[in-house]
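Undergrad: Okay, structure incoming, though there's no sequence with it:
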């Protein structure tokens, strides 16, 4: 597995910058972790958190009831403190993800919120730890930038599933050489949010065909088949009711703080094809990027930019989906020799957190800058990478 090992540097202003970043980021991470653990047990469950939707879905599933039923879901969500009025929120992950919510049907909302928060916290910590190992276990504190990354912390606070998708991607990269079947199975976590991985998925399929890594494909197929079978057992009509829910949701009118959605609503609100043009263009770029490198493709080194472009080209995304940028941003932080870029990343991440703390809702257009900013920062970090002799990338 490719690693990046930096030669030791003398004590300098870079060390001071890294220490300052570690302190600030560590405090942000600790505050968030404390919030996630204390709030559910304090009796004031955060009713606006998306976790409540997953919990209500689990309650329906354990009774083999319709998880897309308006009245039942509305009643459950209101009982948990979610202010939905006469409407209801539904789990929009594809039906094969329903198995993820099913265990929540056996526990109360407060204990469920605590366990769910710990699960997301564990996904973030494990993902960053594996990335740190893949990059040669550098002896600096830059991994704190990833642990306290603003979109990832918002994802934990909201109780969303992007960090599960992040872990799926990291496990795939970490295991694809030594445990291809398990690496393929881990991609099921990415499929919880398939719209965020379209160019990535196209390159992955082509890479499997060229490298003939069919064990990886088998792992992915087995995991998907098992989850679909479990979904059918829990609620056989899941696919039909899911399609009806998505059709009736009015997605063409829904505002999502994502540049692609905003441009469509501005240019032609009913022209949904405009929303799927960027993923198609992203796939074209991904193929052009992959093909010249196909025989020397390295997921640790080349996959970061591919994942970032997949995120930028997604037909829609929320601020917390930016957590998928962590592999690329951490790689850029390890590579760059610019202290200013490290400070800029820390400030940008902190800005996202402050926006949420001061009451700016995640539906605000003030978050539009984030995903393009992560891509721009990564490209600058690579441009200001350390000298070649200071980077060693041994073969697997």
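TA: It's in. Just so you know, these numbers come straight off a predicted model, no measurement behind them.
Undergrad: and stretch 182-199, how far out from the chain's middle?
TA: 10 Å (C-alpha atoms, centre = their mean, to the nearest Å).
Undergrad: Any idea how far apart the tips of that stretch sit?
TA: 22 Å (C-alpha to C-alpha, to the nearest Å).
Undergrad: Residue 57 and residue 340: what is the separation?
TA: 45 Å (C-beta to C-beta, to the nearest Å). From N, CA and C alone the C-beta is placed, and that goes for glycine too.
Undergrad: Between the two, which is the more surrounded one?
TA: Set residue 57 next to residue 340 and count neighbours by other C-beta atoms under 10 Å: residue 57 wins out with 26 against 11.
Undergrad: Can you show me the strands along the stretch 1-150 of the chain?
TA: Under the criterion DSSP state E, counting those that start in this stretch, the stretch 1-150 of the chain carries strands at the ranges 5-6.
Undergrad: quick one: low-confidence ranges for the stretch 151-300 of the chain?
TA: Counting by pLDDT under 70, the stretch 151-300 of the chain contains low-confidence residues at 251-252.
Undergrad: rerun that using 90 as the cut-off
TA: Across the stretch 151-300 of the chain, the stretches falling below the confidence threshold (pLDDT under 90) are 153-154, 156-159, 246-276.
Undergrad: next one: the stretch 1-150 of the chain
TA: Applying pLDDT under 90 to the stretch 1-150 of the chain picks out residues 1-51, 64, 74, 77-89, 108-114, 117-118, 138-145, 148.
Undergrad: Does anything pack onto the helix or strand in which residue 350 is found? Which helices or strands?
TA: When secondary structure is defined by DSSP states H and E, residue 350 falls within helix 339-357. When contacts are defined as 3 or more C-beta pairs under 8 Å, 6 or more residues apart in numbering; DSSP states H and E, helix 339-357 packs onto helix 13-41, helix 143-147, helix 150-158, helix 326-335, helix 370-383.
Undergrad: Any chance of TSV for these, columns distance to residue 280 and mean neighbour count?
TA: Shown next, in TSV, are the helices and strands packed on helix 339-357 (distance: least, C-beta to C-beta, whole Å; neighbours: other C-beta atoms under 10 Å):
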stretch	distance to residue 280	mean neighbour count
helix 13-41	37	16
helix 143-147	31	23
helix 150-158	25	26
helix 326-335	22	25
helix 370-383	18	18
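Undergrad: Same list, the ones you listed, but as JSON lines with distance to residue 95 please.
TA: Supplementary listing: the helices and strands packed on helix 339-357 in JSON lines, determined by distance: least, C-beta to C-beta, whole Å:
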{"stretch": "helix 13-41", "distance to residue 95": "27"}
{"stretch": "helix 143-147", "distance to residue 95": "31"}
{"stretch": "helix 150-158", "distance to residue 95": "22"}
{"stretch": "helix 326-335", "distance to residue 95": "28"}
{"stretch": "helix 370-383", "distance to residue 95": "27"}
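Undergrad: And the helix holding residue 350, what's buried?
TA: 339, 341, 342, 345, 346, 348, 349, 352, 353, 355, 356 (16 or more other C-beta atoms under 10 Å).
Undergrad: hey, where'd the helices end up in the stretch 201-350 of the chain?
TA: Remark: helices assigned in the stretch 201-350 of the chain by DSSP state H, counting those that start in this stretch are 214-234, 238-248, 259-267, 273-290, 299-312, 326-335, 339-357.
Undergrad: Just want the most central residue of the chain.
TA: residue 162 (3.4 Å; C-alpha atoms, centre = their mean).
Undergrad: Hmm, that one is touching residue 321, no?
TA: Yes: Residue 162 sits in contact with residue 321 when judged by C-beta atoms under 8 Å, with a separation of 5.1 Å.
Undergrad: Find the nearest non-adjacent residue to residue 344, please.
TA: The spatial neighbour of residue 344 that comes closest, neighbours along the chain excluded (C-beta to C-beta, 6 or more residues apart in numbering), is residue 377 at 6.9 Å.
Undergrad: measure that neighbour to residue 257 for me?
TA: On the measure of C-beta to C-beta, residue 377 and residue 257 end up 19 Å apart.
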